[in-house]
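> 3D model of this:
(chains A and B)
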2 protein chains.
Amino acid sequence: MTEENKIGTYSFVAEPFHVDFTGRLTMGVLGNHLLNCAGFHATERGFGIATLNESNYTWVLSRLAIELEEMPLQYESFSVQTWIENVYRLFTDRNFAILNKDGKPIGYARSIWAMISMDTRKPADLLSLHNGSIVDYICQKECPIEKPGRIKVNQKELAGEVVTKYSDIDINGHVNSIRYIEHILDLFPLEIFREKRIRRFEMAYNAESYYGDTLAFYKEQVSENEYDIEVKKNGQEVVVRSKVIFI
Amino acid sequence: MTEENKIGTYSFVAEPFHVDFTGRLTMGVLGNHLLNCAGFHATERGFGIATLNESNYTWVLSRLAIELEEMPLQYESFSVQTWIENVYRLFTDRNFAILNKDGKPIGYARSIWAMISMDTRKPADLLSLHNGSIVDYICQKECPIEKPGRIKVNQKELAGEVVTKYSDIDINGHVNSIRYIEHILDLFPLEIFREKRIRRFEMAYNAESYYGDTLAFYKEQVSENEYDIEVKKNGQEVVVRSKVIFI
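As a prediction, the model looks like this:
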């Protein structure tokens, strides 16, 4: 298989309800597109959720880091490339490039996934799945952004609280991965998005939350343009952590 | 022009983050698709927002009514047809059919639009635009659901409050039409979506709300399966009204 064949490329247009007040695609929608592309790419290669579900396995997103020079404008075409960078026993690294309408890279993303058994919720051994054939898809394409780092929120200032509702819940009964992104960005005042843009955005998915859970959002300003966020459910367990770097 | 040429048809797939916990497409996402289709159809015929903006006019959605026998399931293909039913001086009626993967209608929708001047915010005369050529697109296709009715909320029980945030705001600086749909459905407990489905959903867009507005949601149960909702901003003006009928 050539390196080129290992890359999936998918086209999009920035729809009117998918852009924010500045007319640029929102981070939540971009995240949604990236996760869809991961799904398309895996499905086309026999590792999609539907195939896995037959044997009661599913992919779980653990980390996501997105770094951008610019976001597509309303009505602009753009495309997403995705490929597998590494496969370990319990995790796989999947990368992305975001290309503007002229095919020029305007951003990259990195994600880390585990596969779990839906019966036991325990991680599966990726190297034994389909006789380890997933490693055939490992691709050498460059992804010139830093790996997701470790996020630690020290000074805990409560920045917001959300009781999860119908629209937050996905087909698995969990708060969906994209909704967390929206709730986290909603912690910031509108002005910051007017004056700055997000240069890097990270999510670390730790645990699931469910309908009716109270999510507490703690936000720490680490430096002028950098914020760490920790989301706890029902006053206890950390559900997700996030880092937002503006420029 | 044949009746067939007057109808625009657009294909979709129900994406994972666009379905609710029952695995069916959400009403908000369907609404988003319908409004996008309206945009595609208008643009292809020279009446799109982009063209209008050049002369400082824009379309404003006034009413939307959706009636469904079923919603597409996750990963299912479906399509949306749209056409113009009527053009009046100040309003136009645009209808929709939602077709399942086999091309069978599973629902219909009706919408009412006005065109306004972005300078004066006053309505424009549709019959004088482009020498009235919009009437050439009027199409006789059947839309077998009731027109949007008049919604009146009598007994005002406060069902929820939302302070609008970054993710609520669209490129015009207004709370976006789809977000209202999500906030309204979030007034209902999860159980109702488990036991029932929405048969008919209506939105009446009255006024705009903005970043930081406090939206108060009043909900009145009209009969066993029917609810009327009124949304007021900052304790005063009615922003939207809605009717939700479950089955």
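> please report the distance of the residue nearest to residue A:105 when sequence neighbours are not counted from residue A:144.
Ranked by CB to CB, 6 or more residues apart in numbering or on different chains and with sequence neighbours excluded, the top spatial neighbour of residue A:105 is residue A:97, at 5.1 Å. All C-beta spots, glycine's among them, are computed from the backbone N, C-alpha and C. According to CB to CB, to the nearest Å, residue A:97 and residue A:144 sit 9 Å apart.
> same thing with residue A:66?
Taking CB to CB, one finds residue A:66 at 13 Å from residue A:144.
> compare neighbour counts for the two and give me the winner.
residue A:66 (24 against 8; other CB atoms under 10 Å in any protein chain shown).
> what comes up buried for the helix or strand containing the more buried one?
Counting by DSSP states H and E, the element that carries residue A:66 is strand A:57-68. Within strand A:57-68, the residues that count as buried by 16 or more other CB atoms under 10 Å in any protein chain shown are A:57-68.
> pLDDT score for residue A:90?
Residue A:90 carries a pLDDT value of 94.
> ok, back up a step: the residue nearest to residue A:105 is in contact with residue A:69, isn't it?
No - if you go by CB atoms under 8 Å, residue A:97 and residue A:69 don't touch, sitting 11.7 Å apart.
> shared neighbours of the two, anything?
residue A:107 (CB atoms under 8 Å, 6 or more residues apart in numbering or on different chains).
> of these two, who's got more company?
Per other CB under 10 Å, whichever of residue A:97 and residue A:69 has more neighbours is residue A:97, with 21 against 14.
> quick one: contacts for that one?
Residue A:97 neighbours (CB under 8 Å, 6+ apart): A:80-82, A:105, A:107-108, A:141, A:143.
> can you do 10 Å?
Residue A:97 makes contact with A:7, A:9, A:79-83, A:105-109, A:141-145 under the criterion CB atoms under 10 Å, 6 or more residues apart in numbering or on different chains.
> helix or strand for it, which one?
Residue A:97 belongs to strand A:92-99 when assigned by DSSP H and E.
> tell me the confidence at the most centrally placed residue in chain A?
By CA atoms, centre = their mean, chain A has its centre lying nearest to residue A:64, at 4.1 Å. Model confidence at residue A:64, given as pLDDT, is 98.
> same question for residue A:202.
Confidence at residue A:202, expressed as pLDDT, is 98.
> the host helix or strand of it pairs with which strands?
Assigned by DSSP H and E, residue A:202 belongs to strand A:198-205. Note on strand A:198-205: by DSSP bridges, its sheet partners are strand A:57-68 (antiparallel), strand A:238-246 (antiparallel).
> tell me the domain ranges of chain A?
Following automatic domain parsing, chain A resolves into domains at A:4-137, A:158-246.
> mind checking how far the shortest one is from the chain centre?
What it means is domain A:158-246. Mean C-alpha position of domain A:158-246 versus that of the full chain (CA atoms, centre = their mean, to the nearest Å) differs by 12 Å.
> wait, is residue A:125 part of a strand?
No - counting by DSSP: H, G, I helix; E, B strand; the rest coil, residue A:125 is located in no strand; its state is coil.
> quick one: end-to-end distance for stretch A:141-159.
With CA to CA, to the nearest Å applied, stretch A:141-159 spans 39 Å between its terminal residues.
> is it positioned near chain B?
No - Stretch A:141-159 is not in contact with chain B by CB under 10 Å from any CB of the partner chain; minimum separation 11.7 Å.
> show me which positions of the longest helix that chain A contains end up buried.
Of all the segments of type helix in chain A, defined by DSSP state H, the longest one is helix A:27-44. By 16+ other CB under 10 Å, the buried positions in helix A:27-44 come out as A:27-43.
> let me see the ranges of the strands in chain A.
Assigned by DSSP state E, the strands in chain A fall at A:8-13, A:57-68, A:77-87, A:92-99, A:105-117, A:158-163, A:198-205, A:214-223, A:226-233, A:238-246.
> redo these as a markdown table? Include distance to residue B:53.
Shown next, in a markdown table, are the strands of chain A (distance: least, CB to CB, whole Å):
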| stretch | distance to residue B:53 |
| --- | --- |
| strand A:8-13 | 17 |
| strand A:57-68 | 27 |
| strand A:77-87 | 19 |
| strand A:92-99 | 27 |
| strand A:105-117 | 25 |
| strand A:158-163 | 35 |
| strand A:198-205 | 27 |
| strand A:214-223 | 37 |
| strand A:226-233 | 35 |
| strand A:238-246 | 29 |
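> what is the one helix or strand in chain A whose mean pLDDT sits lowest packed up against?
Lowest by mean pLDDT, DSSP states H and E among the helices and strands of chain A is helix A:49-54, with a mean of 72. If you count contacts as 3 or more CB pairs under 10 Å, 6 or more residues apart in numbering or on different chains; DSSP states H and E, helix A:49-54 packs onto helix A:27-44, strand A:57-68, strand A:105-117.
> now the angle from the second one to strand A:105-117?
Meaning strand A:57-68. Orientation check (axes from the mean of the first three to the mean of the last three CA atoms, to 10 degrees): strand A:57-68 against strand A:105-117 gives 160 degrees.
> ok now strand A:57-68, how far from the chain's centre?
That offset, for strand A:57-68, works out to 4 Å (CA atoms, centre = their mean).
> output it as CSV, nothing but the C-alphas.
Listed next in CSV are the C-alpha coordinates belonging to strand A:57-68 (Å, rounded to 0.1, in the frame of the first residue of the first chain):
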residue,chain,number,x,y,z
TYR,A,57,-16.1,-3.5,20.5
THR,A,58,-16.1,0.2,20.0
TRP,A,59,-13.7,3.1,19.6
VAL,A,60,-13.3,5.5,22.5
LEU,A,61,-11.7,8.9,21.9
SER,A,62,-9.2,9.6,24.6
ARG,A,63,-7.3,12.8,23.5
LEU,A,64,-7.8,15.4,20.8
ALA,A,65,-5.5,18.4,20.0
ILE,A,66,-6.2,20.8,17.2
GLU,A,67,-3.9,23.6,16.1
LEU,A,68,-4.9,26.1,13.4
